[in-house]
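Visitor: Structure of the sequence below:
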Amino acid sequence: MYKNVETAFVHAGSEPDPLTGAVVPPISLATTFAQKAPGHKAGGLWEYSRTANPTRVAFETSLAAAEGTKYCVAFGSGCAALSAIVHALCKTGDKIVCIDDVYGGTQRFLRKQVAPVYGMNPVFVDFKDEAAVEKAVEGAKFVWLETPTNPNL
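Guide: Predicted coordinates for the structure are as follows:
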């Protein structure tokens, strides 16, 4: 672990490149990687960018170190992150509390997929109303917030 967050952001996930000596990891645009044989990933890590990518791993490593945790998972969008969390943590009947002024795609996903297809119970709450939030979070599997939000839309 690093002494402070600034050090973690600068150094974690930024090991010098063994080929070039670069101290800042290059952005990898590769979609597929060479394999020694089928199922034998190059460098033991890389086969296809959708499963792992040197750029994303460097980012996740840096962010995990800055947060003082062992792991971090980065997603390409908030909806991808929400979908992964719902599928990993929830089951039929679970209550999900969500701030009421979230992105429209989040609303649609929770209202039109999570509720009718998976039988979960999304509850949208005005987070400016502390009493409503306290009541809503009782028995909830998790609380979903997005920032920044725009309650004026």
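Visitor: gap between the lengthiest helix in the chain and the chain center?
Guide: Counting by DSSP state H, the longest helix found in the chain is helix 54-67. In terms of CA atoms, centre = their mean, to the nearest Å, the centre of helix 54-67 is found 12 Å from the chain centre.
Visitor: Who are the packing partners of the helix or strand following it?
Guide: Of the helices and strands lying after helix 54-67 in sequence (DSSP states H and E), the nearest is helix 78-89. Here helix 78-89 touches helix 104-109, strand 140-144, going by 3 or more CB pairs under 8 Å, 6 or more residues apart in numbering; DSSP states H and E. Glycine gets a C-beta too; all of them are placed from N, C-alpha and C.
Visitor: Recalculate using a threshold of 10 Å.
Guide: For helix 78-89, the packing partners by 3 or more CB pairs under 10 Å, 6 or more residues apart in numbering; DSSP states H and E come out as strand 95-99, helix 104-109, strand 140-144.
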